[in-house]
Each structure stands twice: as structure tokens, then as C-alpha cells.
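> here is my input, please return the structure:
(one chain, ligands or ions: 1)
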Amino acid sequence: MAESKTTDPGHSKKKSVPRVVILLGSSSDLPVIEKMLPLLDRFGLGYLVEVASAHRQPEKLKRIVKKTEKDGAEVYVAVAGMAAHLPGVVASLTGRPVIGVPVASGPLAGVDALLSIVQMPPGVPVATVAIGSAGARNAACLAARMLALKDPKVEAAVQDYRRELARGGR
Ligand code: AIR
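Just a heads-up that it's a prediction; the model follows:
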């Protein structure tokens, strides 16, 4: 589990503690994070990707969160569609920051997931980003901005990215 830089759930290429843990409600959500992963690479942030549905695999989800938290994961990104309770459940299991990405996987085009994720009760925050791929990319940017507070290398990478955007990059 304490490994990073994987796009295949459960598969690892590089041994190191992942700073960002990305949890997906289903393998069908994988296309949403496609453009997020190169951004995390650019920011120099190791990550782990796992599929663990809050509804279908609650015990697996709990095991992953507890293990990665113990290993030193710093930010969780939870990606889910429909009745997307995954980010909220992750936020209930860890005190680390949780970013929720709603996915447009059901007939309500992601508004169902957006409202499920954003309306957390007081005391259990989930930083909710836009629906779909744009949200996933912003989850990477937001995680980097959080970690940049205490990591000059990440801060430099964030500023470099911002300069690229200012030059018209996207
Ligand atoms: N989902 C899976 N378990 C709980 C939820 N909310 C979500 C997944 C996916 C959608 O249901 O995040 O976006 C459909 O999943 P599947 O596996 O049927 O394709």
C-alpha cells in the first residue's frame, strides 16, 4: 500500500510513501482522473490509486484509509458518482484533509454526486471541487497548494504551473 505513481488500482511502480491517496468509488471512475495524475507528477507528489466503494466495500475502504494514514499519507482525494458518500466517509475515518470529486456517472449528470459530496455536516469537512475531469485536475492543484505550505519544492512547482497558465497554458 505504501507505494506511489500507479494508475492501475492496487498496482505499484515505485516504492515510497504516497503523499496523496486517491480513492475511487468504482473502476468506471478511472477516466476522470486521467489528467490529474500527470499534474501530481509535475508537482512532485507521489500518489496511490485504489478502488474502494463506500457502499460496496466499506471494510476495504476503512482498511485502506487507516493503513495509509498510519504510513503518513497527507491528503485524500475521493472520487465518486451517484450517491457519492465516499468523500464524506473518508473524512469520517481520518483527520487529514479530504478533497471530493463528483463524477457524472448517473442520469443526473453529476449533480447528485456534487450535492452528496458538498453538503457535509459541520465538523466533517470535504473540500468539494467541480464535477468530472476539471474537478480532478483542481483536486491535484489544491492538494499541491496544501502541501506547498511546508514544502518549498512543491511550492516552486505550483508557482511554475501558475506562470504557465498565465502564459496561456491550460
Ligand atoms: N458508487 C459506487 N459505490 C458507491 C457509489 N456511489 C459510484 C461510483 C460510480 C457509480 O457509482 O463512484 O461513479 C457507478 O458505479 P459502477 O461500478 O456501477 O460503474
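
> neighbours of residue 109, how many?
Neighbour count for residue 109, taken as other Cβ atoms under 10 Å: 14. (C-beta placed from N, C-alpha, C; glycine too.)

> can you classify it by secondary structure?
coil (DSSP: H, G, I helix; E, B strand; the rest coil).

> for it, what are its contacts?
residue 131 (Cβ atoms under 8 Å, 6 or more residues apart in numbering).

> so which bits of this structure are right by the ligand?
Residues of the chain lying near the ligand by Cβ under 6 Å from any ligand atom: 25-26, 28-29, 53-56, 80-84, 103, 105.

> just the buried ones from these?
25-26, 29, 53-54, 80-82, 84, 103, 105 (16 or more other Cβ atoms under 10 Å).

> how about these, which pair is most distant?
54 and 105 (14.2 Å; Cβ to Cβ).

> rewinding a little: quick one: which of the buried ones among the residues of the chain next to the ligand is nearest residue 137?
Out of these, the member with the shortest distance to residue 137 (by Cβ to Cβ) is residue 103, at 13.6 Å.

> wait, the closest one sits on residue 111?
No: if you go by Cβ atoms under 8 Å, residue 103 and residue 111 don't touch, sitting 11.3 Å apart.

> shared neighbours of these two, anything?
residue 131.

> show the average pLDDT along the helix or strand hosting residue 145.
Residue 145 belongs to helix 133-148 when assigned by DSSP states H and E. For helix 133-148, the mean per-residue pLDDT is 98.

> wait, what's in contact with the residue nearest the centre of the chain?
In the chain, the residue lying closest to the centroid (Cα atoms, centre = their mean) is residue 77, at 1.9 Å. Residue 77 makes contact with 20-23, 36, 98-101, 136, 139-140, 143 under the criterion Cβ under 8 Å, 6+ apart.

> wasn't it part of a strand?
Yes: counting by three-state DSSP, one finds residue 77 located in a strand.

> for the ligand, see how far away it is.
13 Å (Cβ to the nearest ligand atom, to the nearest Å).

> quick check: bridge partners of that residue?
residue 22, residue 99 (DSSP bridges).

> that one and residue 101, how far apart?
Per Cβ to Cβ, to the nearest Å, residue 77 is found 6 Å from residue 101.

> name the residues contacting each of the two.
136, 139.

> ranges for the strands of this protein?
For the chain, applying DSSP state E gives strands covering 3-4, 14-15, 20-24, 47-51, 75-81, 98-103, 127-128.

> tell me which of those is the most buried.
strand 98-103 (a mean of 30; mean count of other Cβ atoms under 10 Å).
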